[in-house]
Every structure is written in structure tokens, then in C-alpha cells.
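# what follows is a protein structure lacking sequence information:
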């Protein structure tokens, strides 16, 4: 699976305004979240339960929310097979409480810049370009509750399309994702991913869950969340 894309599926409200989109609404979270850390482990199911092994971490993502309900910063740690850690930071800026652009950086400096274009309260586009000139064109559709329901991405290198991806979320009545329908158009690969083995906190946000392919029965990861709320 594409690591960057799945990040945003891992990200589920009581927002300040009920008439404007926020990241909390878009991703289906509840309550006044201040900070969320999601750790993704390689799947280890043994003796009827999931085993958490600190040596089997795939990634760790930290989301920092403002009081309006938007993500101001994301810190992303990825682990390779030798447990070497790569750290990237995404800093977001807003206009009228809507995300407008972001900067991706690491210890060497800025790596990528992205610009959002809100076509309506229910649809936005994102264009990003990295230091190597690789360009991504993405779009997202929101439903009447401003919940993310579908979208896609195209990647261009030297003006040639090298990657195209589309997704559709199947939601329950509370806006929680039941399935992710993923279509990797350039490779012809399709997948349907179920979110299972769920545990929730008192605010009804998921604190543990697994991602499993309905088609192949392969379990991609087991995920653990730590959530801090504003008082």
C-alpha cells in the first residue's frame, strides 16, 4: 500500500462551527482533540490477541490540532527494516479557518510545498511540488457533514503521469469508515480494506484497530492511538 496515502485514512466532533469544514469533521473524529499519536505496527496476531512489539513499528504519526479543529502540524516518523528512523514535519497554514498551504521539511530544510484550492465547502484540490520537481494533484470530496468520502491523486514526473490513485470510503451512520475502496489505476490493482478489531475511548474515538484486505485476507497493520484533549 502507498504509505503516504494510508496515513490520511488513519487520521474520526464537536467542532466550534457546524457550518464550516474542519480536519476533525473531515476525518470523523469526536471531541476537542489537541494531539493524536498513531503508531502503526506490523501485524502480529497470536494466541487470539494482537501482540505489540516495539521492534515491529512501521510508522508513527503525531497530529497537533488547534482549538478550531484543524491540524496545524504533523510529525511523521517512518522506520525501515533496520529500524532506521526518518522524520518529516508538515506545517499547515489557514485562511478563514480553512487549510490554505503546507510546507514539508526535515533536518536539512524544506522538501515540499503544497497549495489547497477550495472549490466549495465540500470539495478541495491540492497541488504539491517537491524539490525534485515531482508534482502531485489531489482532490477530496466531503459529504453534507463535511466528512471525507472520496478522492484521488495523480503524480507527475517530468510532466509524465507516473501514478494515479482513487478511493471511496464506506461510512456508517456516525461517519466512521467501515471500508476503504482503493483503486491504483496505473498498476490496475484494486483493494477493499476493512477496519477491524476496534477499541474506543470515552469520546468514541478509535484507540486501536487493524487494517485488513477483504480481497486477499492480508492484514496490513495493527494501529494504536494515544489522544490528548483540550480541557
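Yep, that arrived. Bear in mind the structure is a predicted one, so any value in this text is a computation, not a measurement.
# low-confidence ranges in this structure?
1-18, 43-51 (pLDDT under 70).
# 90 - rerun?
Along the chain, segments meeting pLDDT under 90 span 1-20, 42-57, 79-84, 172-176, 196-197, 215-220.
# what's the offset of stretch 20-30 from the middle of its chain?
Here stretch 20-30 is found 12 Å from its chain centre; the criterion is CA atoms, centre = their mean, to the nearest Å.
# same check on stretch 151-165?
19 Å.
# what are the buried residues along it?
151, 152, 153, 154, 155, 156, 163, 164, 165 (16 or more other CB atoms under 10 Å). Placement of C-beta: from N, CA and C, glycine included.
# roughly how far apart are the residue lying closest to the first one once chain neighbours are set aside and residue 209?
The reference is to residue 151. Once flanking residues are discounted, residue 151 sits nearest to residue 140: 4.0 Å by CB to CB, 6 or more residues apart in numbering. Residue 140 sits 22 Å away from residue 209, going by CB to CB, to the nearest Å.
# quick one: which of the buried residues of stretch 151-165 sit in strands?
Residues of the buried residues of stretch 151-165 located in strands (DSSP state E): 151, 152, 153, 154, 155, 156, 163, 164, 165.
# doesn't residue 141 make contact with the first one?
Going back to what we said before, that points to residue 151. Yes. The pair residue 151 / residue 141 is scored as a contact, 6.2 Å apart, by CB atoms under 8 Å.
# just put the ones in strands among the buried residues of stretch 151-165 in JSON lines and tack on distance to residue 224.
Converted to JSON lines, those look like this (distance: CB to CB, whole Å):
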{"residue": "151", "distance to residue 224": "26"}
{"residue": "152", "distance to residue 224": "29"}
{"residue": "153", "distance to residue 224": "27"}
{"residue": "154", "distance to residue 224": "32"}
{"residue": "155", "distance to residue 224": "30"}
{"residue": "156", "distance to residue 224": "35"}
{"residue": "163", "distance to residue 224": "29"}
{"residue": "164", "distance to residue 224": "32"}
{"residue": "165", "distance to residue 224": "26"}
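# and the furthest pair within the residues you listed?
Spatially, the most separated pair among those is 151 and 156, at 17.2 Å (CB to CB).
# which one of the ones in strands among the buried residues of stretch 151-165 sits closest to residue 184?
Looking across these and measuring by CB to CB, the closest to residue 184 is residue 165, at 5.5 Å.
# quick check: the gap between the nearest residue to residue 98 once chain neighbours are set aside and residue 71.
In space, and not counting its chain neighbours, residue 98 is closest to residue 118: 5.7 Å by CB to CB, 6+ apart. Residue 118 is 16 Å from residue 71, where distance means CB to CB.
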